[in-house]
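Undergrad: generate coordinates for the sequence data below:
(chains A and B)
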Amino acid sequence: MEALGVNLPGLIAQLVNVFLLLGLLYMVLYKPMLKALNQRSTRIKESLDQAEYIKEQVAKTEQQVQERLEAARKEGQAIVAQAGQAGERFKEEARQEGRREAEVIMARARREIEAERDEAIAALRREFADLAILAAEKVTRETLDRAKHRRLIQEVLEESSTFKGEGA
Amino acid sequence: MLKLSPKTILGAVGVLALLVASNFLKGPPPHIALPAEKVFAVFGFPITNTYIASWLTIVVLVGLSWAATRKMAAVPRGVQNLVEAFIELFLNFVEGIAGRENARRFFPVVTTIFLFVITSAYLSLLPGFTTIGIVKTEEHGQSFKVVEIAGLRVAFVALGAATVTEASGEESAEGIKGELVAFLRGANTELNTPMALAVLSAIFVEYWGISTWGLRGYSTKFFNFRQLRQGRIMMGFVDIFVGFMELVSELARLISFTFRLFGNMFAGEVLLGVITFLIPLVAVLLFFGLELLVGFVQALVFAGLTVVFGVVAVAGHGEEH
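TA: The predicted structure is shown next:
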């Protein structure tokens, strides 16, 4: 064995070396490394769980947003419809109002026209009476007194129903 | 007319240059010694070149580990990333054989064995191993060039300068004549180191067995008298014989561990020396590649077998449990 180089001091020395290496590596390599690897694996697991949770939350939120959007759309449509109806109503009211006002204006205009016509007829009648008197004076050459004459014409006019009927 | 491409010409010139160089750039004939050589002594205790290599291995491994774990970052970078990748890979390897639970128990010892074997093997491929040292004056040997570094006379193997001489250890213009005792020699190229690793492996394998089954339970693997006590003489003797065989195999493991590693590492060292002597310069590169493979395989085999023996020790042995 000695020729092969095996000896107890040498074996013990190398045993010390390998146990020393084991101890040192345990302190500076295995312990911190395994701890770090464990930490990392738990952290990765946690992150994955969290990611899953967040994904669920996002899906839920998206659904909520969709629902809310749908509701808002419906509400908007309702408002638009309502506004349309209101507009229609306003238009109708405005039209009615206009028609009423127009009728009032036309009625007034008609009354004024009638009044003016009556006025004109009355004026015409007076003119005509004067003219008739003048004409009769010229024809008869006799001068009737003015009051008697006027009463005479009035009587004639009263008798002529057609003229009176037109005047009414 | 032969047409030669520049590549062919370059190759031919290279081969020619090698042939010429091989005449005067030859390595010396390798000095082959089984025991580790004493470099110096501390209080009478011889310090051999393999101890120094072991310490160098320890320093390199611990230094690298320290650098990797000094400032641990959650997102690993640089050396931490490298070491972490290795640790994870190796942990998976051990888990693949031993299962999740046992792997954590086996891991430190197994990884230490792997790292020590592969690192000492790879370090011994560095220049300076087995080529720089002091000269022990002997009756026969070679002449070595000597340089003085900090008062220490350091000899080295010079390519082409080596001639085998028969002269005694006198100093001449060529250098000192004698045998070179290198400062560094692969830690596993002497028998004590692989044997220490085998003992480490065996101690922990038995420890794992005992800590799983208890001292009494585990010892029945080797000394099983149950059948004999129950009066079944034939089966009793078979059990005793099986126990004896287990004991023998346990010892045989120690020896096979030791000599497998030693044989491979020592042969590698001798092979490199011989190739350097026979074909200088380039050819030895091929064998460096081979030695890289051998170092890895031996480390893996030693570590892997330790895991397997650990699994066997931890697993149930026989129907008595």
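Undergrad: give me every residue that touches the closest residue to A:A3 other than its chain neighbours.
TA: Closest residue to A:A3 apart from its sequence neighbours, by Cβ to Cβ, 6 or more residues apart in numbering or on different chains: B:L34 at 6.9 Å. (Glycine included, C-beta is placed from N, CA and C.) Neighbouring residues of B:L34 by Cβ atoms under 8 Å, 6 or more residues apart in numbering or on different chains: A:A3, A:L4, A:G5, B:E190, B:L191, B:F266.
Undergrad: now, of the residues you listed, which are buried?
TA: A:G5, B:E190, B:L191, B:F266 (16 or more other Cβ atoms under 10 Å in any protein chain shown).
Undergrad: the helix or strand hosting A:E103 and chain B in contact?
TA: Element membership of A:E103, judged by DSSP states H and E, is helix A:31-140. Yes - legend: contact between helix A:31-140 and chain B by Cβ under 8 Å from any Cβ of the partner chain is shown at A:P32, A:M33, A:L34, A:A36, A:L37, A:R40, A:R43.
Undergrad: quick one: which of those has the most company?
TA: Within these, A:M33 tops the neighbour count with 24 neighbours, counted by other Cβ atoms under 10 Å in any protein chain shown.
Undergrad: what about that one, distance to A:R43?
TA: To A:R43, A:M33 is 15 Å away according to Cβ to Cβ, to the nearest Å.
Undergrad: would a markdown table of the contacts of B:L34 with secondary structure and distance to A:E137 be doable?
TA: Listed next are those as a markdown table, based on DSSP: H, G, I helix; E, B strand; the rest coil; distance: Cβ to Cβ, whole Å:
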| residue | secondary structure | distance to A:E137 |
| --- | --- | --- |
| A:A3 | coil | 191 |
| A:L4 | coil | 186 |
| A:G5 | coil | 184 |
| B:E190 | coil | 179 |
| B:L191 | coil | 181 |
| B:F266 | helix | 178 |
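Undergrad: before we move on, back to that, export the residues of helix A:31-140 next to chain B to a markdown table and tack on pLDDT?
TA: Formatted as a markdown table, the residues of helix A:31-140 next to chain B follow (pLDDT from 0 to 100):
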| residue | pLDDT |
| --- | --- |
| A:P32 | 89 |
| A:M33 | 88 |
| A:L34 | 88 |
| A:A36 | 86 |
| A:L37 | 85 |
| A:R40 | 85 |
| A:R43 | 89 |
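Undergrad: where exactly do the strands run in the stretch 51-200 of chain B?
TA: Remark: strands assigned in the stretch 51-200 of chain B by DSSP state E, counting those that start in this stretch are B:132-136, B:141-149, B:152-156, B:164-165, B:171-172, B:175-182.
Undergrad: with adjacent residues omitted, what lies nearest to the residue of chain A found nearest chain B?
TA: Residue of chain A nearest chain B, by Cβ to the nearest Cβ: A:G5 (3.0 Å). Leaving aside its chain neighbours, A:G5 sits nearest to B:P35 (3.0 Å; criterion: Cβ to Cβ, 6+ apart).
Undergrad: so when I look at the one you found, I'm seeing a strand, right?
TA: No - according to DSSP: H, G, I helix; E, B strand; the rest coil, the state of B:P35 is coil, so it is not within a strand.
Undergrad: how far away is it from A:G10?
TA: B:P35 is 8 Å from A:G10, by Cβ to Cβ.
Undergrad: pLDDT at residue 107, what is it?
TA: Here I'm looking at chain A. We have a pLDDT of 94 for A:A107.
Undergrad: looking at chain B here, not the other one
TA: The per-residue pLDDT reported for B:F107 equals 94.
Undergrad: I'd say it and B:N92 touch.
TA: No - under the criterion of Cβ atoms under 8 Å, B:F107 is not in contact with B:N92, lying 10.7 Å apart.
Undergrad: dump the residue contacts of the one residue in chain B that gets nearest to chain A.
TA: Closest residue of chain B to chain A, Cβ to the nearest Cβ: B:P35 (3.0 Å). Neighbouring residues of B:P35 by Cβ under 8 Å, 6+ apart: A:E2, A:A3, A:L4, A:G5, B:E190.
Undergrad: how about it, phi and psi?
TA: Dihedral angles of B:P35 (phi, psi; degrees, to the nearest 10) stand at phi -70, psi 150.
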